[in-house]
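Q: Next comes the sequence, and after it the predicted model I'd like to discuss.
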Amino acid sequence: MIEAAVPSEQNLHDLYRDHRGWLETWLRRRMGNAWDAADLSQDTFMRVLSSAHPLADIQEPRAYLLTVGKRLLSNFYTRRQLEKAYLQALAQLPEESVPSPEQRWLLLETLQALDELLDGLPRPVRRAFLWSQLEGLGYREIAERLQVSERTVKRYMAQAYEHCLLVDL
């Protein structure tokens, strides 16, 4: 059993040694920040390590790393947008209602998890689901906002619930 793990570890070591610098440079050019690029590079290799895809089967390592890195980069920017929107919303609150730093962190983590959970759903479906769950709107109100029928909202909600049940977290 130990022998089976050695080739995988060696493959990861080789992949990391041969391509980390290239990936980090690519990320730094897009992000304009060496620290974030280094973090995202490490996250990319961690994602590769935790993947079910055997390292020995990777034919084009840079293309594979680039695909994983691009997804993580997209998640990074999505998270930044969520954080920015959240901080703007906090700025509108009266001082006594502002959550503590710990509460803010938990809320941001929850928002990120929710965003990842709903990833892949069409925009109107996401909106309908979020308005229903976060704002407590009924199907009629959602239909008015989206300018669709209530029947369409019911379909959207069923699609969102099914997606949430089937998503592999």
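A: On my side now, so go ahead.
Q: Please make it C-alpha for all contacts and neighbour counts, starting now.
A: OK.
Q: What ranges in the chain fall below the confidence cut-off?
A: When residues are selected by pLDDT under 70, those of the chain lie in 1-10, 168-169.
Q: run the last query once more with 80
A: Within the chain, the stretches with pLDDT under 80 are 1-12, 50-57, 78, 82, 86, 108, 111-112, 115-116, 119, 167-169.
Q: where exactly do the helices run in it?
A: Per DSSP state H, the chain carries helices over the ranges 2-31, 34-50, 61-91, 101-118, 123-135, 139-146, 150-166.
Q: Kindly reformat those as a markdown table containing mean neighbour count.
A: Converted to a markdown table, those look like this (neighbours: other CA atoms under 10 Å):
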| stretch | mean neighbour count |
| --- | --- |
| helix 2-31 | 14 |
| helix 34-50 | 17 |
| helix 61-91 | 15 |
| helix 101-118 | 14 |
| helix 123-135 | 16 |
| helix 139-146 | 16 |
| helix 150-166 | 16 |
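Q: Check what contacts stretch 32-47 and list those residues.
A: Stretch 32-47 is touched from outside by 16, 20, 23-25, 27-28, 31, 65, 68-69, 72-73, with contacts defined as CA atoms under 8 Å, 6 or more residues apart in numbering.
Q: should've said stretch 54-66
A: Residues outside stretch 54-66 that contact it (CA under 8 Å, 6+ apart) are 8, 11-12, 15, 19, 23, 44-45, 48.
Q: repeat for stretch 127-141
A: For stretch 127-141, using CA under 8 Å, 6+ apart, the contacting residues are 142, 146, 150, 153-154, 156-157, 160.
Q: at 7 Å instead, please
A: Applying CA atoms under 7 Å, 6 or more residues apart in numbering, the external contacts of stretch 127-141 come out as 142, 150, 153, 156-157, 160.
Q: Report how far apart the opening and closing residues of it are.
A: End-to-end span of stretch 127-141 (CA to CA, to the nearest Å): 12 Å.
Q: could you dump the contacts of stretch 127-141 to a markdown table with distance to Leu111?
A: Shown next, in a markdown table, are the contacts of stretch 127-141 (distance: CA to CA, whole Å):
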| residue | distance to Leu111 |
| --- | --- |
| Ile142 | 21 |
| Glu150 | 27 |
| Val153 | 23 |
| Tyr156 | 21 |
| Met157 | 19 |
| Ala160 | 16 |
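Q: farthest-separated two in the contacts of stretch 32-47?
A: Across the contacts of stretch 32-47, the longest distance by CA to CA is 20.5 Å; it joins Tyr16 and Met31.
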